[in-house]
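1. My questions are about this predicted structure, shown below with the sequence.
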Amino acid sequence: MKKNVTIRSPHSYAIKKALFVMKLSFLLVLVSALQVSANVSGQATITLKMDKVEIPKVLNAIEKQGTYRFLYNSRLKSIQQQVSIDVSNLSIAETLTKIFAGTDLTFKMLENNLIVILLNGTATQDIPVTGKITGENGESLSGVSVIVKNGSGGTSTDNNGIFKLTVPENGVLVISYIGYQTQEVPVNSQSVIDIKMVTSNKTLDQVVVVGYGTQKKIDITGATASIKGSELVKQPVMTATQAIQGKVPGVQIISSGQPGVQPQVRIRGTGTMLGGANPLYVVDGMLTNDITNINTADILSVDILKDASSAAIYGTRGSNGVIIITTKQGSSGKMKITYNLNLGIQNAAHVVEMANNVEYANYASAASGNPILPGTISTNWYDEILRNAFYQDHKISLSGGTDKTKYIVDVGYLDQDGIILENNFKRFTLRSNNEFKISNQLRFGILASYANGVSRNVNLGAAYNDAYRAAPIIPGIVNGKYGNTSLYQNVGNPILDINDNDNRTRDNRLQGTAFLEFKPIPWLTLQSRISGDLDNNVNKAYGYAFAADTVTFITPGGNQSSLHSNLNVANANSFWWVWDNTATVNKRFGEHNITVLIGTTAEKYNATDLTGYRLDVPPNPSLWHIDNGNANSSQNGGSGTVWSRYSYLARINYSYADKYLFTGNFRVDGSSNFSVNNRYAYTPSVGVGWVISKESFMQSQHIFDVLKLRASYGQAANDVTQNATAGYTVTLTSNLPYFFGGTATSGSAITQIVDQNLKWEINDEMDIAIEFSALKSRLEGELGVYDKKTKNSLAYVLIPSTLGSQPNPGSSIPAGYVLTNAASFENKGLELALKWHDAINKDISYYVGGNITFNNNNVIGLNGGQPYIDGPVGANQPYVTRTDNGHPIGSFYVQKVLGVFQTVDEINSYTDKNGNILQPGAKPGDFKYEYNSDGKLDSVYAGSYQPTAYYGISLGMNYKNIDFSVDAYGTMGGKIYNGKKAFRQSLKDNVEKSMAYNRWTPSNHSETEPSANGGNLPASTYFVETGSYLRINNITVGYTLSPALLQKTKVISTLRIYAAAQNPVTITKYSGFTPADLPGSPTNTGIELNAYPTPRTFLIGLNIGF
Amino acid sequence: MNGKKIKNLLLIATLVINASCKKSFLDISATTPSPSNDPSVAEDLVTGVYNSLIYIDPGGGWNYDTHGISFIAATNIMSDDADKGSFLDDQPGIMDLDNFTTTPANAFVAALWNGYYAGISRTNNAIDALATAALDSATVKRLRGEVRFIRGYYYFNLVRFFGGVPIVTYVPNGPKAAESDTTLISRASVSDVYNKVIIPDLQYAIDNLPLKSQAVVGRITKGAAETLLAKVNMYLGNWQNVLSLTQDVINSGQYSLVSDYSSIWKEAGDNNSESIFEIQTGAYNNTDGGIPLYSECQGPRNAGGIWNNPTFPDPTGDRGWGFCTPTVDLINAYEPNDKRKAATIIFSPVPPQTGDTLWDGYVIPTGTQNLYYNYKAYHSEKLESFYNNRDREIKNVHLLRYAELLLMNAEAATQVGGDAMTPLAAVRSRAGLTTTSATQADIWKERRVELAMEHDRFFDLVRQGRAAQVMQAAGKNFVAGKNELLPIPATQIALSGGRLSQNPGY
């Protein structure tokens, strides 16, 4: 309830008046501050009889009764009136009401029985008022809306934060600005009113960056969400989006636990088949696909445009939603320095328990029919390749500024070991954001960041497959020599898999944006913004030479060897620029408020890469250069990519009395990636909103502070060109050699049939929601439904081979297929978010929040396309997913296991309609599969990784200087394909401990686990498991030293220490490593083959400000 | 500044940006060569046609194959010359081909269909590009002759594998081309495939190609076209044509038998005097550029345990995958003292007997998976060119040899009169054998051993009308009237909307 109103001494008024004003100002402060407790006092009753006396005399008489005191402006004409009064034992309020009846006076009761007499307003005159509006740090705020309550006047502040307005002397000013609490300030005849704005914590007051502009959440008609940087930085994650997990309904984050790898984001389900399902990222205006270069601590806010109506302003980039990242700005005032430290340790949150040597020997003996001796060694391969990994993250920030300039300089360093041997990621980041006010009309800013990321990757696929399969009876590594698993069972030694290859990537990225803003007149803003993203990525992969001999192995032999060392160097450079030019008009005509944005944006991407390869490069890392290898083994490669886009955009926001809202968006996108006939895409959207709580009929209720209904419809398109570059043009596949006269000649071929009419994917989306804030803003919430249809979705369609398509190793399009607009999908869902926050007393406050999203994904048309199969597992399972009409994208499509054959009789009686035995080769203990009525093996849809619901829960509490919070999230209804188990393919492969004990035996009649076997099983429902889980994602406890204590140091201004656990607990029935983090393309997500086990982190941190 | 001025300014700014950007900004030239940005593509496309002989799919012939593992399976393994090999469960699809239990879903059959049509597409694209190429007309004719030879050869293989197939001799216009031209997805008759494509293509090649001595090694020659056309006529029973075409090749003086039969399948024997049509392989980009898996899949296979062969840098690993293992029936088909037996078959030891010592000194150790391997596919990593990529070992494949031409000449002579004895005796004497008679039966017997595992035996048996008899005698499930042809791939039938008809019995 705090309001900061100060009244400046007027320079043109007499001292007397000044004193009067000061008195009034004192009064007003009281009024403002103490309103809460008005009507509380007034116990004493009044008995009084007077006839035809001036009001001050009456009041004087009441004062003399000893209880009440009055405050009034004796110059007021009304107070000079004569009144008669005759009351006995009446309350003060009733008494005063009688006294003032027939006058234009009214009264207000304050604390301590102080009563203010006020003018009840009509007979007043208009006066000119001026003032300056400032932010919390004293900076002037321009464009702040200042309107007269219940009146017709209104204006907004100029570039210096000054407003001028003519208002009734007893009027009330309503001052509102996005991101700040709206204030109502009575004029009370003052001619100068300076106002300090207070940042708002209420969701609906918050500013949302909506693309090429900002809006207050309450004014938005589409589905958006906003998260503050301070909320993200609590979590020790490398990429900001990881910290969003569970925080926003409709947004699902699928992380890989691997350091340096960006998580996948699915906003309102999967609306495309062929990659391109990730949202667009916009960092300070720069469009990008990768935000691993952004230090989370640099982020001011992350805004998410979820639905087509809000994302339509990004046109063909918007259909998967848009994530807008705004980095921090300095603020004027004295320089602030902060240092933030996180130190942590990570380990695998959950490791599948494998059989030990004895359990393995028993199982493998039973499976192979040959006795296998357990020996004396029992190797736990996961223990051999996993480790406790250290994590450190440092960040120093310097910020400050003057009226004319603002700056912030951030330096960060992150060093994160992977939980698997050798895996590591280091990142150095530097950011400098500066803003200059050249004149009152001209503002210039430059925001730039540099990131240097160095990662050491390991051969996860081989290491994980091999660790799962390698027999425990083989030693891992003894005295520097490896146990020979390949000699024993044709599986590489997982430790050697990791050590025989050194794969390092160094990424240098310079990203920045510069803008010039010109405000020739207060209601017009012209902005030109140019952004660039320069990336240089160098990968060096060295493979060591080693033979299957006694130098490398304890026992020689087997086929894990590499006769020649090899070095692969890849150098990729890219530059992507975006140039936005916008004009924004903001005008208020009485109750009509209108904002119009028009603009153009152009962008171009240019990339080249170069690769070199040679054998026999010496093993010393300082010699890892192409020249040091055998020149006769040289190979090289290189390619280039260029595309450009040009777009027009327009948006109109209109509101009437801040009650009725309308938004319209329109964008036209032209892209070089489509043929001239299909070059332009048009994406319109409209939205309407109704702030019901502003209606007069809502004024009498006390439940809702804000209640808003919104509905929108829009189109956004999917720009898939990153996956299918220039899909419409006929290009040649080159480097197809033939040998004439003994010499190689390079040939080429047209290997793809192209659809020259390739078009954009279009998303049609309806969105309806209620937003509210209730019970004195303690409860905030949002309930929405959406229906999103993706049309013209690109799909690969198989065509007759006689048309001539064939493999093209340079293309992502599989052989035999044509990329065309063939599919349509639907995502229907419901989102609910609620948050309750309250303070029990001045020491204890708390909040409880939760959100849940139900989403139903369905393929609704393949328009002549065929079901698309994907999800290669290996072994006997080439594909396990199928994308077809009536099922979610990437559904598992596998044979159905009906049970386990218990007896020979059961096998013989399992026949088709003609009496033929369906599984004649089966033995008791084998799976019984479902056959169709024709006696053919049947495959069934067994669910998909896409959950039917996902949710997040967060709790927090502050007690004095201690803060405590818990975040959790989870999903329901998704399925996981246990790919690593399915990949098992030999009698000598190890088994999970549970398989060793639960397997079918003549004495253990299991109905679910087959008898001991050598893997190579067909894809079936046996491998499909539940993907539902609940994960406690973060627990943080912090302690903030009291400012009073710190003041004594005279150096440190803020100090917080904290401890956190990231991903400590996951509750699930899934038997594998993790149900949560299985990235993949839309058609093959959810197969746990070589997933990186989710790390669990325990960390301590320090945040110190100077 | 007033509102109007600003509006004007904005309008101008927008127009300027538009004018400068709209057209040129979005018209970006592709970064890979295409007929539109590289005028020299026609010759490259012809080389690309030759490349299709080596591979359509550089990853191996699993889905698109012309001469890789699917080709080996549907020619050698399917015949009585060889069995599938490897271990029992390895590649059941090949086992089905071997046992004549193939279904329309067989992936290897599909790979052949896909591979040959992909190759044909390359020929059509090259012919298209040659029509407008900036080359002199003699060069265009020669290149077109080379390409049409390969197209004719591909159709000849298709018609032998599948019978009548769709005739595609132009570049279809986009993915929906079959909607307007259903011949693209309808089977032509066998005689149309021969008379409308194969024979005209080969005749064009004969008319426009130079003799071997005038051609760059590896390019298709007039002799190759005449030999192939002779072979086509042999399948059609036009024996007079066979006789005259083969006689023409003999009279050209371009070819002669090499003295050492075994040298033909060594690198040193590449493009020797006997070679008429040979797939060229070599090193490309400093690595091996052979037919993917051709040698590797037929190499001797380790059955487990240690191979301790100290003479090689890699003392332990497999030499290959062990497919296409010669049958005892083939081994028994050789007459005593036939030099070709030892040049064709690698004998792997039955313990405790020691195995063959191969020509490069490699000793077949104990512990191989199979008893016999195909020597003609063996590549020496030690004494022949090898750049560390075993998947693509450099190994030329001999598709037409002078010895076969002589046998065709002899067989024609037995049918229409002439000297069958001389050509037959020439082939036999090189093998160290004498010749007493030259009947058609003698020549058929000779073809088998001379051309063993050279991808001809199965087609020969079908041509000779005795496939069922021979295969059934060998204990295979061969059904007469069905198994002479492969099934049309089920996927292709589905994609044609049922227009493609299935072969009888499938």
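-> Arrived safely.
2. which residue sits closest to whichever residue of the stretch 351-500 of chain B sits closest to chain A, ignoring its sequence neighbours?
-> At 4.6 Å from chain A, residue B:495 is the closest residue in the stretch 351-500 of chain B, using CB to the nearest CB. For the C-beta atoms, the positions are set from N, CA and C on the backbone; glycine is no exception. Closest residue to residue B:495 apart from its sequence neighbours, by CB to CB, 6 or more residues apart in numbering or on different chains: residue A:800 at 4.6 Å.
3. Tell me the spacing between the one you found and residue A:878.
-> For residue A:800, the distance to residue A:878 (CB to CB, to the nearest Å) stands at 22 Å.
4. Of these two, which one has the most company?
-> The residue with more neighbours, out of residue A:800 and residue A:878, is residue A:800; 29 against 12, by other CB atoms under 10 Å in any protein chain shown.
5. Please verify my assumption that the more buried one contacts residue B:182.
-> No - proximity of residue A:800 to residue B:182 does not meet the contact threshold set by CB atoms under 8 Å, at 10.7 Å.
6. any common contacting residues for the two?
-> Common neighbours of residue A:800 and residue B:182, counting by CB atoms under 8 Å, 6 or more residues apart in numbering or on different chains, are absent.
7. Buried residues in the top strand by length along chain A, which are they?
-> If you go by DSSP state E, chain A has its longest strand at strand A:630-656. Under the neighbour-count criterion of 16 or more other CB atoms under 10 Å in any protein chain shown, strand A:630-656 has A:633-635, A:641-653, A:655 buried.
8. ok, and which of those reach chain B?
-> Restricting the buried residues of strand A:630-656 to those near chain B by CB under 8 Å from any CB of the partner chain leaves A:633-635, A:641-646.
9. a markdown table for those, including pLDDT?
-> Output for these, formatted as a markdown table (pLDDT from 0 to 100):
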| residue | pLDDT |
| --- | --- |
| A:633 | 87 |
| A:634 | 90 |
| A:635 | 88 |
| A:641 | 86 |
| A:642 | 88 |
| A:643 | 87 |
| A:644 | 89 |
| A:645 | 89 |
| A:646 | 92 |
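10. who's in contact with residue B:96?
-> Contacts of residue B:96 (CB under 8 Å, 6+ apart): B:102-103, B:106.
11. Correct me if wrong, but it is in a strand.
-> No - the assignment for residue B:96, made by DSSP: H, G, I helix; E, B strand; the rest coil, is helix rather than a strand.
12. how close does the residue of the stretch 101-250 of chain B found nearest chain A sit to residue B:44?
-> Going by CB to the nearest CB, chain A is nearest to residue B:121 of the stretch 101-250 of chain B, at 2.6 Å. Distance, residue B:121 to residue B:44, by CB to CB: 15 Å.
13. quick one: which of those two has more around it?
-> residue B:121 (26 against 21).
14. before we move on, the earlier item: ok, then the element right after the longest strand of chain A?
-> Downstream of strand A:630-656, the next assigned helix or strand under DSSP states H and E is strand A:660-671.
15. Name the strands paired with that following strand and say parallel or antiparallel.
-> strand A:630-656 (antiparallel), strand A:680-691 (antiparallel) (DSSP bridges).
16. Show me the shaky parts of the stretch 851-1000 of chain A.
-> For the stretch 851-1000 of chain A, the stretches with pLDDT under 70 are A:863-865, A:875.
17. And for the residue lying closest to residue A:513 once chain neighbours are set aside, the neighbour number?
-> Leaving aside its chain neighbours, residue A:513 sits nearest to residue A:531 (3.9 Å; criterion: CB to CB, 6+ apart). Neighbour count for residue A:531, taken as other CB under 10 Å: 23.
18. could you measure residue A:531 against chain B, distance?
-> 16 Å (CB to the nearest CB, to the nearest Å).
19. Get me the contact residues on the stretch 401-506 of chain B for chain A.
-> B:491-492, B:495-496.
20. Just the buried residues from those residues, in PyMOL please.
-> Selecting only the buried entries of those in PyMOL, with 16+ other CB under 10 Å as the criterion:
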select buried, chain B and resi 491+492+495+496
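21. So what does the residue nearest in space to the middle of chain B have for phi and psi?
-> Central residue of chain B (CA atoms, centre = their mean): residue B:67, 3.6 Å from the mean position. With angles defined as degrees, to the nearest 10, residue B:67 sits at phi -140, psi 20.
22. check contacts around the residue lying closest to it once chain neighbours are set aside.
-> Closest residue in space to residue B:67, ignoring its immediate chain neighbours: residue B:291 at 5.3 Å, by CB to CB, 6+ apart. Residues near residue B:291 by CB under 8 Å, 6+ apart: B:54-55, B:67-68, B:279, B:281, B:392, B:395, B:397.
23. And the residue nearest to residue B:495, its phi and psi?
-> According to degrees, to the nearest 10, residue A:800 has phi -60, psi 140.
24. who's the residue nearest to residue A:513 bridged to?
-> Counting by DSSP bridges, the residues bridging with residue A:531 are residue A:513, residue A:578.
25. got a pLDDT number for residue A:41?
-> At residue A:41, the model reports a pLDDT of 42.
26. Many thanks, I have nothing further to ask.
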